[in-house]
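Engineer: Okay, sequence plus prediction incoming.
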Amino acid sequence: MALPLEPVLAHLESDKAGALQRWQELLRFPSIGTDPAYARAMRDAAEWLARYLAEIGCHAEVRDTQGQPMVVAHQDGPGNGGPHVLYYGHYDVQPPEPLELWQTPPFEPTLKDGPHGRRMVARGAVDDKGQLMTWLEALRAWHAVYGELPVALSVFIEGEEESGSPSLEPFLAAHREELGRADVCVISDTIMWNVDVPAICTMLRGLLYVDLTLAGPSHDLHSGLYGGTVLNPLNALTRILGGLHDANGRVRIPGFYDDVREPEGAERRRWAELGFDEAGFLASVGLRTPAGEAGRSALERMWSRPTCDLNGIWGGYTGEGTKTVIPARAHAKLSCRLVPEQDPQKVLAGLRRFLDERAAPDARIEITTHGLTSAMRVSTDSPYLHAARRALAATFGREPALIGMGGSIPAVEAMKRLLGIDSLLIGFGLEDDRVHSPNEKFELVCFERGVRSHARLLAELGGLA
Ligand code: BES
Ligand code: MN
Ligand code: MN
């Protein structure tokens, strides 16, 4: 006999304040994974999560890696042959800088009013602490009401997602037996179509992220004494990088588009039917004019076309006032968002060629790779996806949109390649949540609907037995 869902939903309704409190506790850890100065906060956050999981009936552990600790937990299901579900999330957050732009401190979670009601403002509010709390709270409610879960459960929460998940592959490879038992992986780390329309993400872009250094003279030089006679690394690097795109916004890296597939007609039609408001999208970030590849829709440019973007560029003197100097080196951080079928290694080789072909004889260009993540497409026709559809439709009273996503989540591809597990990406963020930016927020209405969706999804998945 399937356990009824209603008591679980009623329990959630009665414990909303508790859920907010637990979420705020997690947000108070400054778990900035990329900065070694926050190692203590990382461990504390991981231990907090393990304690939480133990409270809801899991066997939970914090496991050490070469990098940040991982949280792993398991709980037996009803033993009825139903699916074994693996939940994935990340407790690391992006650095909060620039701090002066935060209206309230990033690690002092604060409830504020907005057009959709109350919202939680903090670093990690939505990415990914708030989102992982949506499924944790759903699991908590099932456990509180029935003392057991409708499915067999595994949980895997990492602390390196925002750094490209360097320890993930070795960890999954070493725990293939343990984690590979699951039938499907559930992730909440993406966004909805809008506040009323839920979404299942079926495509994630991949990422190639590199540091570039162009080195010239052996040391910094007086720009009067040497200017006009020697290689200036900043001039040289910006000139090369200025040529990365042609006048139509196409990337000029050799072979960049070789393996890029055009979306199928049906997919293109589905995207057109979504009725994306590009003007509104641009207006929400203070712009009016579309950019990127000419002749392609906004959703296509965002979801199914690769990109190349400078993320930072520096060198020479950037302080107050002036310093007349020709710097010995120039630096840039560059990322390419990749689409399915593109091989990150091949793109990297193309980038190397692009730079080398344009470098002056004395210019030495060094490339340091930070991470290579392939893009990912998930099946739109699995029993799990249909279960998610039903759970979202019943919670929101609206069919979920099937969307792509311009961002990346390295675990999705790794989980498929190393464990053979498909992911179900059901996220509850909004486009304007200011992820990775000051004043990151998560609407309470999204959080609460997220929790209820997960509670319902558990019932649906349990029903697949
Ligand atoms: N949760 C995001 C991915 C995302 C971004 C989903 C925007 C929905 C909207 C994830 O935490 C993230 O930021 N990923 C990084 C991955 C990178 C560091 C390897 C990204 O996409 O930049
Ligand atoms: Mn995330
Ligand atoms: Mn992120």
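Structural biologist: Yes, it's here. Ligands and ions are numbered 1, 2, ... in the order given.
Engineer: Look through the stretch 1-150 of the chain and state the residue closest to ligand 1.
Structural biologist: Asp127 (4.7 Å; Cβ to the nearest ligand atom). C-beta coordinates here come from the backbone N, C-alpha and C atoms, glycine included.
Engineer: is it true that that residue touches His436?
Structural biologist: Yes - using Cβ atoms under 8 Å, Asp127 is in contact with His436, at 7.1 Å.
Engineer: tell me, what's touching the two both at once?
Structural biologist: Jointly contacting Asp127 and His436 under the rule Cβ atoms under 8 Å, 6 or more residues apart in numbering are Gln94.
Engineer: Among these two, which residue is more densely surrounded?
Structural biologist: For Asp127 versus His436, neighbours defined as other Cβ atoms under 10 Å are more numerous around Asp127 (27 against 14).
Engineer: For the more buried one, which non-adjacent residue is spatially closest?
Structural biologist: Val435 (4.6 Å; Cβ to Cβ, 6 or more residues apart in numbering).
Engineer: Flag every residue of the stretch 101-250 of the chain that's near ligand 2.
Structural biologist: 127-128, 189 (Cβ under 5 Å from the ion).
Engineer: Same list, these, but as a markdown table with secondary structure, pLDDT and distance to Val121 please.
Structural biologist: Shown next, in a markdown table, are these (DSSP: H, G, I helix; E, B strand; the rest coil; pLDDT from 0 to 100; distance: Cβ to Cβ, whole Å):
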| residue | secondary structure | pLDDT | distance to Val121 |
| --- | --- | --- | --- |
| Asp127 | coil | 98 | 13 |
| Asp128 | coil | 98 | 16 |
| Asp189 | coil | 98 | 19 |
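Engineer: In the protein, which residue sits nearest ligand 1?
Structural biologist: For the chain, Cβ to the nearest ligand atom, closest residue to ligand 1: Gly407, 2.9 Å.
Engineer: Quick one: residues in contact with stretch 190-200.
Structural biologist: Contacts for stretch 190-200 (Cβ under 8 Å, 6+ apart): 116, 201, 204, 274, 385, 388-389, 392-393, 395-396, 398, 400-403, 405, 407, 409, 424-431, 433, 443, 445-446, 449, 453.
Engineer: Run a quick neighbour tally on Phe156.
Structural biologist: 25.
Engineer: thinking again about what came up before, going by neighbour count, which of the contacts of stretch 190-200 are buried?
Structural biologist: Buried members of these, scored by 16 or more other Cβ atoms under 10 Å, are 201, 204, 385, 388-389, 392, 395-396, 400-403, 405, 407, 409, 424-430, 433, 443, 445-446, 449, 453.
Engineer: Leu5 - nearest residue in space that isn't next to it in sequence?
Structural biologist: Excluding its sequence neighbours, the residue lying closest to Leu5 (Cβ to Cβ, 6+ apart) is Ala459, at 4.4 Å.
Engineer: which SS class is the one you found?
Structural biologist: Following DSSP: H, G, I helix; E, B strand; the rest coil, Ala459 is assigned to helix.
Engineer: Cys185 falls within a helix, correct?
Structural biologist: No - counting by three-state DSSP, Cys185 is located in no helix; its state is strand.
Engineer: Kindly provide the distance from it to Thr110.
Structural biologist: 32 Å (Cβ to Cβ, to the nearest Å).
Engineer: next one: Asp64
Structural biologist: Counting by Cβ to Cβ, the gap from Asp64 to Thr110 is 33 Å.
Engineer: which one of these two has more residues nearby?
Structural biologist: Under the neighbour definition other Cβ under 10 Å, Asp64 and Thr110 were set side by side, and Thr110 has more, 18 against 11.
Engineer: which residues does the more buried one bridge with?
Structural biologist: Beta-bridge pairing for Thr110 (DSSP bridges): Val121.
Engineer: Please name the residues that touch the closest residue to Gly77 other than its chain neighbours.
Structural biologist: In this structure, Gly77 finds its nearest non-sequential neighbour in Ala152, 3.2 Å apart by Cβ to Cβ, 6+ apart. By Cβ under 8 Å, 6+ apart, the contact set of Ala152 is 75-77, 79, 82-85.
Engineer: on contacts alone, who are the packing partners of the host helix or strand of Arg40?
Structural biologist: Assigned by DSSP states H and E, Arg40 falls within helix 39-55. If contacts are counted by 3 or more Cβ pairs under 8 Å, 6 or more residues apart in numbering; DSSP states H and E, helix 39-55 sits against helix 16-27, strand 59-63, strand 70-75, helix 129-146, strand 152-158.
Engineer: right, and Leu3 touches Leu458 too?
Structural biologist: No - here Leu3 lies out of contact with Leu458, judged by Cβ under 8 Å, at a distance of 9.7 Å.
Engineer: got any residues that touch both of these two?
Structural biologist: Contacts common to Leu3 and Leu458, judged by Cβ under 8 Å, 6+ apart, are Pro150.
Engineer: Run a quick neighbour tally on Ala291.
Structural biologist: 10.
Engineer: That one: what's it in contact with?
Structural biologist: Residues near Ala291 by Cβ under 8 Å, 6+ apart: Gly249.
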